[in-house]
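*Asks:* What follows is a predicted structure for the sequence shown.
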Amino acid sequence: MSRRQFLQRGLLLAAAAAVPPAGMAVIRSRDLAIEKHQVDLPGLHPLLDGLRIVQLSDLHRGPLVAEDAIAAAAAAAMELQPDLVTLTGDFVSISHTNIASCIEALLPLRAPLGVYGVPGNHDHHAGAGVIAARLAGAGIPLLVNRNVEVERGLYLAGVDDLWSGNARPDAALSGIPRGAARILLSHNPSVVDGVDESLLLLAGHTHGGQINIGPLTGFFTSAVTSHGRFLSGWYRNGQTRLYVNRGIGVVGIPLRFRSRPEVTLFVLRAA
């Protein structure tokens, strides 16, 4: 057993001991929170005022996250009547063989302006090419350093995962007319360090810490220990507004504490 595994087991026991029975409900990974935000988006066409975007992130289909947990999130997303659905990476946890059941759970997702995603670091480790091809075949294209105009001068862009070494925000935003409304998708929120544009950046990766108990916060997610500036919610870098989604799945252990999985609705307003 490695030192990290030893510490993980010890800290997990400490975490379990610290959670009273009355608080057990807060660590259920399927205890979905529906987060709703109104966002002023510069350049948004007045006819698109009120457009509804849903974000899901970090599904992590695999040994710790069952298909029905993802299906529950997809059903909750559809209840929000989205015009556009965005998926910010980590569709699977370990193996690309899990993408089939992940896609099956996501099949109910439908939106007039489409369903788009970006890859995460776990997707790269599991086989990003296979995952991207399977998603595209199911009508969920991944935006890897490119953009699409989804409606009336509203552009949706996406970058490759930061840890892949291939995240290129400049390429993702290339060709978009000056003054157009822009939304950028990235799995890793630290991409914001290379972006100072008047746009909305949607990210995930951190799981909101997953286990939030003092020094245990983020211990099971290298995302937080490596990038402690971002946990969840709203941040700003110059002109860029960043939202970090807590995600749906888990890694390391099948628990969340003080970090409910979320389905997020953004209602766009013409700035």
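*Replies:* Structure received.

*Asks:* For the rest of this, base every contact and every neighbour count on C-alpha atoms.
*Replies:* Will do.

*Asks:* What ranges does the protein have for its helices?
*Replies:* Taking DSSP state H to define them, one finds helices in the chain at 3-18, 67-79, 99-106, 121-137, 169-173, 222-226.

*Asks:* Let me see the contact set for the residue nearest in space to the middle of the chain.
*Replies:* Nearest to the mean C-alpha position of the chain, by CA atoms, centre = their mean, lies Ser57 at 2.7 Å. By CA atoms under 8 Å, 6 or more residues apart in numbering, the residues touching Ser57 are Leu87, Thr88, Gly89, Asp90, Phe91, Ala203, Gly204, His205, Asn245, Arg246, Gly247, Ile248.

*Asks:* Just the ones of those in strands?
*Replies:* Cross-referencing these against strands under DSSP state E gives Leu87, Thr88, Ala203.

*Asks:* mind putting the contacts of Ser57 in JSON lines, distance to Ala69, neighbour count and pLDDT included?
*Replies:* JSON lines is the format used below for those (distance: CA to CA, whole Å; neighbours: other CA atoms under 10 Å; pLDDT from 0 to 100):
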{"residue": "Leu87", "distance to Ala69": "15", "neighbour count": "27", "pLDDT": "99"}
{"residue": "Thr88", "distance to Ala69": "17", "neighbour count": "30", "pLDDT": "99"}
{"residue": "Gly89", "distance to Ala69": "16", "neighbour count": "30", "pLDDT": "97"}
{"residue": "Asp90", "distance to Ala69": "15", "neighbour count": "29", "pLDDT": "98"}
{"residue": "Phe91", "distance to Ala69": "13", "neighbour count": "31", "pLDDT": "99"}
{"residue": "Ala203", "distance to Ala69": "20", "neighbour count": "32", "pLDDT": "98"}
{"residue": "Gly204", "distance to Ala69": "18", "neighbour count": "31", "pLDDT": "97"}
{"residue": "His205", "distance to Ala69": "18", "neighbour count": "31", "pLDDT": "94"}
{"residue": "Asn245", "distance to Ala69": "17", "neighbour count": "29", "pLDDT": "98"}
{"residue": "Arg246", "distance to Ala69": "15", "neighbour count": "27", "pLDDT": "96"}
{"residue": "Gly247", "distance to Ala69": "12", "neighbour count": "33", "pLDDT": "96"}
{"residue": "Ile248", "distance to Ala69": "8", "neighbour count": "27", "pLDDT": "96"}
